[in-house]
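Participant: sequence first, predicted model second:
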Amino acid sequence: LMLAACGAEGVTVLSNAAREPEIEDLQGFLNTCGAEITGAGTSTVVIRGGRPIHGGTYTILPDRIAAATYLCGAASAGGEVFLRDAREEHLSAVTAVLREAGCDVQSGAESIRLRRDGPLQGTAPPPIRTAPYPGFPTDVQAIVMAALLRCRGAAVFEENLFSSRYRHVDELARMGADIRVSGRTAVVLGVERLHGAAVRCTDLRGGAALCAAALAAEGETAISDITHIDRGYQSIEDDLAALGADIRRVEETASP
């Protein structure tokens, strides 16, 4: 709608708009290219259309969901990860959960460092409830769940934005996870260890969750249908391998 309104004559007002940082980023980019947009980051965005659009140079935001994925990978497996250009101000709902779980999270102006040496602690109370930004992002629900599979105690998740967003639970259970689902609520009961298994991606973030869980599992995990993962990550296996993971992409062979 913001893009369309730039080409329309007159003023367009978007009410009940999303407030994610990416909306502000789109506003910044379009204004750099000659548009006149105000209000991004609030629930009301105003676009004064009909302005000539031209080229420009703009630096986009880092991907906060990818950043959360690598933080959760380190929280799951243990060790340390340093994310250059990541901004905790956009991930505070996630880093708060990871800190409560026992991770040491430090942030600079444009970096986040997470270290996890000892066992994870329980994260409840309070429950982790997904909500529109700046609340806990639904896109990170599955990935944080994977990071907390070996926590001490219980972690409670409440999915308030999308139905059928617990499809990854059955796949995590194949790896030894103990997760109880009832309606919108999922309760993770920490287990001592996870084991490798053959699992299948059900969606983009569920696939990333399987990668995070596999980092902590004993033995080998084979993740299939990774085209889902490729929708949101560029060569996730290369990034995880750079962090020390024993991970590789292999071609699937057709069954006879």
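Facilitator: Cool, the structure landed.
Participant: so what's the residue count around E159?
Facilitator: 20 (other Cβ atoms under 10 Å). For glycine as for every other residue, the C-beta is placed from the backbone atoms N, C-alpha and C.
Participant: give me the low-pLDDT residue ranges for the stretch 1-150 of the chain?
Facilitator: 122-125 (pLDDT under 70).
Participant: can you give me the helices for it?
Facilitator: With DSSP state H, counting those that start in this stretch applied, the stretch 1-150 of the chain shows helices at 2-6, 21-32, 64-77, 92-100, 138-147, listed in chain order.
Participant: what does the stretch 151-256 of the chain give?
Facilitator: 168-173, 204-216, 227-230, 236-242.
Participant: turn those helices into CSV, columns for mean pLDDT, distance to R249 and mean neighbour count.
Facilitator: CSV is the format used below for the helices of the stretch 151-256 of the chain (pLDDT from 0 to 100; distance: least, Cβ to Cβ, whole Å; neighbours: other Cβ atoms under 10 Å):
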stretch, mean pLDDT, distance to R249, mean neighbour count
helix 168-173, 98, 18, 21
helix 204-216, 97, 11, 27
helix 227-230, 96, 10, 16
helix 236-242, 96, 5, 16
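Participant: nearest to G108, out of those helices?
Facilitator: G108 lies closest, by Cβ to Cβ, to one member of these: helix 236-242, at 20.3 Å.
Participant: want to throw the helices of the stretch 1-150 of the chain into JSON lines with distance to G207 and mean neighbour count?
Facilitator: Formatted as JSON lines, the helices of the stretch 1-150 of the chain follow (distance: least, Cβ to Cβ, whole Å; neighbours: other Cβ atoms under 10 Å):
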{"stretch": "helix 2-6", "distance to G207": "29", "mean neighbour count": "16"}
{"stretch": "helix 21-32", "distance to G207": "21", "mean neighbour count": "18"}
{"stretch": "helix 64-77", "distance to G207": "10", "mean neighbour count": "25"}
{"stretch": "helix 92-100", "distance to G207": "18", "mean neighbour count": "19"}
{"stretch": "helix 138-147", "distance to G207": "9", "mean neighbour count": "27"}
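Participant: reformat the ones you listed as a markdown table; add distance to I128.
Facilitator: Output for the helices of the stretch 1-150 of the chain, formatted as a markdown table (distance: least, Cβ to Cβ, whole Å):
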| stretch | distance to I128 |
| --- | --- |
| helix 2-6 | 31 |
| helix 21-32 | 20 |
| helix 64-77 | 12 |
| helix 92-100 | 6 |
| helix 138-147 | 7 |
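Participant: picking up where we left off before, so which of the helices of the stretch 151-256 of the chain comes closest to F29?
Facilitator: With Cβ to Cβ as the measure, helix 204-216 is the member of those nearest F29 (23.6 Å).
Participant: can you name every helix or strand that that closest one contacts?
Facilitator: Using 3 or more Cβ pairs under 8 Å, 6 or more residues apart in numbering; DSSP states H and E, the elements in contact with helix 204-216 are helix 64-77, helix 138-147, helix 168-173, strand 222-224, helix 227-230, helix 236-242.
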